[in-house]
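In: No letters, just coordinates:
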């Protein structure tokens, strides 16, 4: 019974802790480069490179069956 009260008290104390706010903004990043890479020796994939207005590059991977035209835009979260 004591362990129940101790755990309930700990939960109550931890729930009163102030939470941090994550400050991010969403920006458009156009697709600038498409490469074919072998991430896992037998599985070729497309490596998509996106670049935002601050010249920060973001890399994603997609299967070879999907097609993305150069210049298409994706929304990314950027820390302020």
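Out: Here it is on my side, so go on. What you are looking at is a predicted structure, and each value in this text was computed from that prediction instead of being measured. Numbers count the residues shown, from 1 in each chain.
In: Any regions of this structure where pLDDT drops low?
Out: 1, 13, 15-18 (pLDDT under 70).
In: all strands for this structure, in order.
Out: For the chain, applying DSSP state E gives strands covering 24-40, 43-51, 57-62, 73-79.
In: what packs against the second one?
Out: With contacts defined as 3 or more Cβ pairs under 8 Å, 6 or more residues apart in numbering; DSSP states H and E, strand 43-51 has these neighbours: strand 24-40, strand 57-62. (Glycine included, C-beta is placed from N, CA and C.)
In: That strand pairs with which strands?
Out: strand 24-40 (antiparallel), strand 57-62 (antiparallel) (DSSP bridges).
In: roughly how far is it from the heart of the chain?
Out: 15 Å (Cα atoms, centre = their mean, to the nearest Å).
In: in that strand, what's buried?
Out: Residues 45-46, 48, 50 are the ones in strand 43-51 that count as buried (16 or more other Cβ atoms under 10 Å).
In: Throw the helices and strands packed on strand 43-51 into JSON lines and include mean neighbour count and distance to residue 68, thanks.
Out: Shown next, in JSON lines, are those (neighbours: other Cβ atoms under 10 Å; distance: least, Cβ to Cβ, whole Å):
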{"stretch": "strand 24-40", "mean neighbour count": "12", "distance to residue 68": "6"}
{"stretch": "strand 57-62", "mean neighbour count": "12", "distance to residue 68": "7"}
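In: and the ones you listed as a markdown table, adding distance to residue 74?
Out: Shown next, in a markdown table, are those (distance: least, Cβ to Cβ, whole Å):
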| stretch | distance to residue 74 |
| --- | --- |
| strand 24-40 | 6 |
| strand 57-62 | 8 |
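In: now for the ones you listed, which one comes closest to residue 79?
Out: The minimum distance between residue 79 and the helices and strands packed on strand 43-51 falls on strand 24-40, with 5.5 Å, by Cβ to Cβ.
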